[in-house]
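> Below is the sequence, then the predicted model.
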Amino acid sequence: MTVTFYHRHPKMESLFAKYSKIVAVVASYWMISITMVFTNKYLLSSPDLKLNAPMFVTWYQCVVSAVLCVILRCLATMFPSKFSFPSTEIDLKLNRSVLPLSIIFVSMITCNNLCLKYVGVAFYYVGRSLSTVFNVMFSYLILKQTTSCKALACCGVIIAGFFLGVDQEGAAGSLSITGVFFGVAASASVALNSIFTKKVLPLLDHNVWRLTYYNNLNAIVLFLPLMLVFGEFGEVVHFPKLTDPTFWLYMNVGGLFGFAIGYVTGLQIQITSPLTHNISGTAKACAQTVIACIYFNDTKPLLWWTSNAVVLGGSGAYSEVKRSEMKQQHQAALTQLARNVEAGNDEDELPTKS
């Protein structure tokens, strides 16, 4: 009997490795993001903890992120051939330049967590789904960038889905006006954070990790007066589970995953594309909603699910419209460049086709 061994072609092996990496990164993004949301929900509003100190929880996560940056820098110094990490030495001039963005960053993560505190995980995505709408608005007001009618129509779909979701959450008797307010504020902050990040990154040599480090350092200081004003120091000091190892395990997991989401988001964009990242995020939000409904044993009516579908559809359509527009702009730029080159050369100097 003859046994024949089949070997994969090198190109097939390379393609398999490429897709395996993409699947691994997307799966990591989903796992880290969903775990972070559920962990924060537990820390912010669990009846088991009863800790009414959302800013303290957020402040501690910023501390964890800053400490991890320092640790990674030390490891990069010890093992320079293995990986690299930017310097964590503080430049006061750069720190001041980053401060306006850090204020928006603090507003963003505070409003995100306060929204999650007052609304359920299932409604969390719809509650803060207006980021795209605010991004279009602020891009026009701040950067003077116009938006196509197709993209504006997609924004209209998202707004309709948002209001339908709010209406259905109210009909179910679980609507939190406070949660919706912080969800809208979080959406606005996310949009502003994105715009100001584009302005600040060139000052940091386009290094996202340096920006992460400075943002978290500034946030650690900025949160202290806020915690004082809202009386959270007393709340934390008298918290009965302050010495409970399980509580600190959740706190550290929340901080670790909050730090990791920045890395895995950038990695997902790098190995796929911004559009694929948006599609992945939209699909993740859908999965997160379903998991939350199953986990918390929530039964939702058809119109409630329709609102989620409308928001998800509008967001996905907006991503596709922007991708198509960017492709057309790129093609137009290449065509114009070719014309300029042709106009600047004599016919004899132009290359001939072989």
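Thanks, I have the structure now.

> any idea where the helices of the stretch 101-250 of the chain begin and end?
121-127, 131-143, 149-171, 177-200, 208-229, 232-237, 245-271 (DSSP state H, counting those that start in this stretch).

> Ok, which of those comes nearest Ser307?
helix 149-171 (3.6 Å; C-beta to C-beta). All C-beta atoms are positioned from the backbone trio N, CA, C, and that covers glycine.

> can you pull the buried residues of the closest one?
151, 154-155, 157-159, 161-162, 164-166, 168-169 (16 or more other C-beta atoms under 10 Å).

> With distance to Asp298 added, can I get these in a markdown table?
As requested, those are exported to a markdown table (distance: C-beta to C-beta, whole Å):
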| residue | distance to Asp298 |
| --- | --- |
| Ala151 | 33 |
| Cys154 | 28 |
| Cys155 | 28 |
| Val157 | 25 |
| Ile158 | 23 |
| Ile159 | 24 |
| Gly161 | 19 |
| Phe162 | 19 |
| Leu164 | 17 |
| Gly165 | 14 |
| Val166 | 16 |
| Gln168 | 12 |
| Glu169 | 11 |
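
> on that earlier part again, of the helices of the stretch 101-250 of the chain, which is nearest Ile90?
Taking the helices of the stretch 101-250 of the chain one by one with C-beta to C-beta, helix 208-229 is closest: 7.1 Å.

> What's the mean pLDDT across that closest one?
Mean pLDDT, computed over helix 208-229, is 92.

> So which other helices or strands are in contact with it?
Where contact means 3 or more C-beta pairs under 8 Å, 6 or more residues apart in numbering; DSSP states H and E, helix 208-229 is packed against helix 54-78, helix 92-118, helix 245-271.

> What segments of the stretch 251-354 of the chain are strands?
Remark: no strands are assigned in the stretch 251-354 of the chain by DSSP state E, counting those that start in this stretch.

> how about the helices in it?
Under DSSP H, counting those that start in this stretch, the stretch 251-354 of the chain gives helices at 274-295, 302-343.

> Please point out which parts of the first one sit buried.
Meaning helix 274-295. 275-282, 284-285, 288-289, 292-293.

> Quick check: mean pLDDT of that helix?
80.

> Next, the angle helix 302-343 makes with that helix.
170 degrees (axes from the mean of the first three to the mean of the last three C-alpha atoms, to 10 degrees).

> just checking, what packs against helix 274-295?
If you count contacts as 3+ C-beta pairs under 8 Å, 6+ apart, helix 274-295 packs onto helix 10-45, helix 121-127, helix 245-271, helix 302-343.

> quick one: contacts for the residue lying closest to Val311 once chain neighbours are set aside?
Nearest residue to Val311, sequence neighbours excluded (C-beta to C-beta, 6 or more residues apart in numbering): Gly161, at 3.6 Å. Listed by C-beta atoms under 8 Å, 6 or more residues apart in numbering, the contact set of Gly161 reads 126, 129, 307-314.

> out of those, which is most surrounded?
Most neighbours among these, by other C-beta atoms under 10 Å: Val126, with 28 neighbours.

> Test my guess that that residue contacts Ala309.
No. The pair Val126 / Ala309 is not scored as a contact, 10.4 Å apart, by C-beta atoms under 8 Å.

> could you dump the helices and strands packed on helix 208-229 to CSV with mean pLDDT, distance to Val136 and mean neighbour count?
Below are those laid out as CSV (pLDDT from 0 to 100; distance: least, C-beta to C-beta, whole Å; neighbours: other C-beta atoms under 10 Å):
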stretch, mean pLDDT, distance to Val136, mean neighbour count
helix 54-78, 93, 27, 18
helix 92-118, 91, 17, 19
helix 245-271, 86, 20, 17
